[in-house]
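# What follows is a predicted structure for the sequence shown.
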Amino acid sequence: MSRNLKFWGAAAVVLLLIQAAVAYLVPKGAALTASAEILDVVIHLVAAVAFFGNARVSTGRMKLFWNLQAVCWLTLALVAALWTYYGVVLHQEVPGLFVGDIFIFLAGVPMLAGLLLRPHRRPGYNSPLSFLDLPLLVLWWLFVYFFFVTGWQYIVPDEIQYGPNYNLVMLAQDMVTLGLLGYFWYDNSGRWKRFYGNLFLAQALSAASVFVANRAMDVGRYFPGSWYDLLVDASITWFAIAALLGRELAPEPRPGEHPDQSPGRWMATVAMVAVVSIPVLAAWSIISGGMPYSLTRFRVLVALGTITVMGCLIFIKQHGLGEELARTNHILHEASLTDPLTGCRNRRFFDSTIEADVSYVLRCFADERDESKRDLIFYLIDADHFKDVNDRFGHDAGDKVLVEMVRRISSAIRLSDVLVRWGGEEFLVVSRYTNREEASALAARLLTAIGGRPFAAGEHGHLVHQTCSVGWAAFPWLRTKPDAFSHSEVLGLADRALYEAKQAGRNRAVGMRASGKLMIDLTVSEVPLEKS
């Protein structure tokens with residue numbers, strides 16, 4: 001442990017020893033009450049500081065976990081200060097219907113919330129909206145207190161009914177906390193197992209010592225500064241030491257853990273169970289009978305108010321998750337239509353959009369629209385001797401050349417045109433809303449864009465002169481009979497034109513065009529290699 005941790009650990013132990021000495025040496029009276037109450041406040045503050053110190057050096061869920069535990073002990077310190085005010089300043093016993101009782105209950109809520117985060121597990125992906133489950137659980141715990149306790153304190157004040165209901169709620173909170181800590185103690189190993197073991201034993205000592213102190217109060221044996229207080233302060237000291245020993249803890253992955261077991265999903269399940277329990281408790285309050293009408297009405301109103309607020313939180317969460325799902329689906333859809341290496345479109349995109357493009361062209365011809373913008377031209381582009389680049393410089397260098405080729409092709413075509421990676425080093429440009437009479441000009445731009453200047457290849461800045469061959473054909477193949485040939489047949493003719501360009505010596509473009517008698521012309525455009 002660092003010097004700072006040793007200091008705070010020693011401080012907690014020294015305070016406990018001082019408390020023991022005071023309980024043994026100071027006789028019952030005002031001096032004992034004052035010293036014991038003040039020491040109790042200080043011990044609570046030391047525990048809060050220990051947990052806040054852990055939060056200061058943590059991030060993410062771990063930071064939230066430590067802060068929630070610290071809030072628990074800070075709240076209990078405030079309650080202890082209120083007890084000190086009654087005992088030392090007012091010289092009065094705390095009343096039976098004590099306003100500070102709710103803060104003792106509330107102190108356990110952040111402790112439970114922090115445990116529900118399961119800080120020992122490294123989380124998978126969780127939407128930020130999943131943290132709305134935390135306020136849902138906090139609201140449920142508040143509902144439980146108001147439902148069972150507050151009515152007997154303020155609506156129908158009855159100390160006889162208030163005490164058992166309050167003790168029952170606190171017992172339920174202690175049992176849930178002990179259950180979680182016990183399970184985590186059993187389910188973990190190494191430092192996390194020791195940490196949860198210390199928290200479990202400290203919580204067990206705390207629950208037992210409070211129970212014993214309450215029984216002592218019932219029979220008149222308790223007084224401030226007695227040995228009962230020493231047991232409670234011993235449990236608090238144990239919590240502080242456990243926090244100091246857990247300063248370096250970090251989430252650990254569990255091999256084979258399914259994503260559905262992530263903390264966010266687990267907490268969502270618990271939150272939904274809590275939501276469902278509210279109308280059940282409200283119905284029980286109505287049909288059970290035997291309680292004052294005003295108390296029953298109060299409980300029903302508390303249930304309605306709680307379920308309304310919870311419903312709003314659930315609506316916000318589900319609405320946000322719906323939008324997040326839509327964005328994710330859009331991203332996944334775009335990814336499925338995009339080539340992961342070059343960023344241009346892939347064959348799946350072509351297959352999903354070509355029918356719409358073909359239908360538009362056929363409608364244009366049927367309606368006799370502007371002849372200058374109704375053709376669809378397919379350009380197949382293949383890198384010449386690309387295998388040599390991979391062999392000389394490696395496939396990583398070849399990939400960089402392909403990415404640069406895509407950038408150059410994109411700069412040569414129009415925004416309305418579509419660039420598709422057809423396979424390997426072969427690309428397809430679908431030129432839309434154009435005229436076949438201008439096809440050769442675009443083919444020449446493609447040749448110049450790719451072969452006009454060298455590509456950087458290899459790790460040492462080597463330059464390579466990379467050219468391409470282009471084959472193109474226009475759809476419809478026959479303007480007089482637009483639907484005589486399918487787009488796939490025209491695409492096959494563009495592939496034949498590419499073959500002719502390769503056979504003719506590469507670094508050239510060949511276009512397939514039909515005459516009135518289906519005769520094929522070869523239009524060849526050539527751009528010579530630049531000399532280095």
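Everything's here; your move. Numbers count the residues shown, from 1 in each chain.

# Local confidence estimate at the spatially closest residue to residue 405 that is not a sequence neighbour?
What sits nearest to residue 405 in space, not counting adjacent residues and going by C-beta to C-beta, 6 or more residues apart in numbering, is residue 450, at 6.0 Å. In this view, the C-beta of every residue, glycine as well, is placed from N, C-alpha and C. Listed pLDDT for residue 450 reads 95.

# quick one: secondary structure of residue 279?
Three-state assignment for residue 279 (DSSP: H, G, I helix; E, B strand; the rest coil): helix.

# Which pLDDT does the model give it?
91.

# Could you do residue 255 as well?
Predicted confidence (pLDDT) for residue 255: 58.

# now swap in residue 405 and tell me
pLDDT, residue 405: 95.

# cool, residue 410 as well?
Residue 410 is given a pLDDT of 95.

# Residue 259 too?
Per-residue pLDDT puts residue 259 at 45.

# How about residue 3?
pLDDT, residue 3: 64.

# which sections of this protein are below the confidence cut-off?
Within the chain, the segments meeting pLDDT under 70 span 1-5, 123-131, 254-267, 369-371, 458, 515-532.

# got the domain boundaries for it?
3-122+130-252+261-334, 347-526 (automatic domain parsing).

# In TSV, list the ones you listed along with distance to residue 341.
Shown next, in TSV, are the domains of the chain (distance: least, C-beta to C-beta, whole Å):
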stretch	distance to residue 341
domain 3-122+130-252+261-334	15
domain 347-526	6
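
# Compare those domains and give me the one nearest residue 340.
Judged by C-beta to C-beta, the one of the domains of the chain that comes nearest to residue 340 is domain 347-526, at 9.7 Å.

# Was I right to think residue 299 contacts residue 285?
Yes. Residue 299 is within contact range of residue 285, at 4.5 Å (criterion: C-beta atoms under 8 Å).

# Now for the two: what residues contact both?
Both residue 299 and residue 285 are in contact with residue 147, where contact means C-beta atoms under 8 Å, 6 or more residues apart in numbering.

# Now for the residue nearest to residue 405: which residues touch it?
If you count contacts by C-beta under 8 Å, 6+ apart, residue 450 has them with 381, 383, 405, 408, 409, 466, 467, 468.

# Spatially nearest residue to the last one, not counting backbone neighbours?
To tie it back to what came earlier, the one meant is residue 468. residue 450 (4.7 Å).

# And the contacts of the helix or strand where residue 113 lies?
Element membership for residue 113 (DSSP states H and E) is helix 101-116. Applying C-beta under 8 Å, 6+ apart, the external contacts of helix 101-116 come out as 64-66, 68-69, 71-73, 75-76, 78-79, 82, 134, 137-138, 141-142, 145, 149-150, 153, 166, 169-170, 173-174, 176-177, 180-181, 184, 263, 266-267, 270.

# Inside helices: which ones of those?
Taking DSSP state H as the definition of helices, the contacts of helix 101-116 contribute 64-66, 68-69, 71-73, 75-76, 78-79, 82, 134, 137-138, 141-142, 145, 166, 169-170, 173-174, 176-177, 180-181, 184, 263, 266-267, 270.

# Could you tell me which of these count as buried?
Buried subset of the ones in helices among the contacts of helix 101-116 (neighbour count, 16 or more other C-beta atoms under 10 Å): 64-66, 68-69, 71-73, 75-76, 78-79, 82, 134, 137-138, 141-142, 145, 166, 169-170, 173-174, 177, 180-181, 184, 263, 266-267.

# Quick check: residue 391 vs residue 450, distance?
Noted for residue 391: a distance of 20 Å to residue 450, by C-beta to C-beta, to the nearest Å.

# Over to residue 283?
In this view, residue 283 and residue 450 are 75 Å apart by C-beta to C-beta.

# Next: residue 321.
46 Å.

# ditto for residue 429
12 Å.

# can you list residues touching both of these two?
Contacts common to residue 429 and residue 450, judged by C-beta under 8 Å, 6+ apart, are 381, 409.

# Setting aside sequence neighbours, what's the nearest residue to residue 198?
Counting by C-beta to C-beta, 6+ apart, residue 198 lies nearest to residue 242, which is 3.8 Å off, once chain neighbours are set aside.

# then the host helix or strand of that neighbour to CSV, C-alphas only?
Residue 242 is located in helix 227-245, with elements delineated by DSSP H and E. The C-alpha trace of helix 227-245 is given here as CSV (Å, rounded to 0.1, in the frame of the first residue of the first chain):
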residue,chain,number,x,y,z
TRP,A,227,-20.3,-1.1,23.4
TYR,A,228,-23.2,-1.4,20.9
ASP,A,229,-21.8,1.7,19.2
LEU,A,230,-18.4,0.2,19.2
LEU,A,231,-19.6,-2.8,17.1
VAL,A,232,-21.3,-0.4,14.6
ASP,A,233,-18.1,1.7,14.3
ALA,A,234,-16.0,-1.5,13.9
SER,A,235,-18.1,-2.4,10.8
ILE,A,236,-17.6,1.1,9.4
THR,A,237,-13.8,0.8,9.9
TRP,A,238,-13.9,-2.6,8.1
PHE,A,239,-15.6,-0.9,5.1
ALA,A,240,-13.0,1.8,5.0
ILE,A,241,-10.1,-0.7,5.1
ALA,A,242,-11.8,-2.8,2.4
ALA,A,243,-12.0,0.4,0.2
LEU,A,244,-8.3,1.1,0.8
LEU,A,245,-7.4,-2.4,-0.1
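
# quick revisit: now do the helix holding residue 113: distance to the chain's middle.
Computed by C-alpha atoms, centre = their mean, to the nearest Å, the chain-centroid distance of helix 101-116 equals 25 Å.

# Next, the angle from it to helix 227-245.
30 degrees (axes from the mean of the first three to the mean of the last three C-alpha atoms, to 10 degrees).

# Any idea how many residues pack against residue 115?
Counted with other C-beta atoms under 10 Å, the neighbours of residue 115 add up to 22.

# which residues sit in contact with residue 174?
By C-beta under 8 Å, 6+ apart, the contact set of residue 174 is 108, 203, 207.

# repeat for residue 372
Residues in contact with residue 372, defined by C-beta under 8 Å, 6+ apart, are residue 435.

# Please tell me how far it sits from residue 139.
67 Å.

# repeat for residue 444
Residue 444 is 70 Å from residue 139, by C-beta to C-beta.

# Then residue 358?
Applying C-beta to C-beta, the value for residue 358 to residue 139 is 57 Å.

# Please apply the same query to residue 316.
For residue 316, the distance to residue 139 - C-beta to C-beta - is 13 Å.

# The two: which is more packed in?
residue 139 (21 against 12).

# ok, for residue 419, nearest residue in space, not its chain neighbours?
residue 344 (4.6 Å).

# these two touch, right, the one you found and residue 338?
Yes. Using C-beta under 8 Å, residue 344 is in contact with residue 338, at 7.3 Å.

# So which of those two has more stuff around it?
residue 344 (22 against 16).

# Next, the distance between the ends of stretch 471-479.
End-to-end distance for stretch 471-479, by C-alpha to C-alpha, to the nearest Å: 20 Å.
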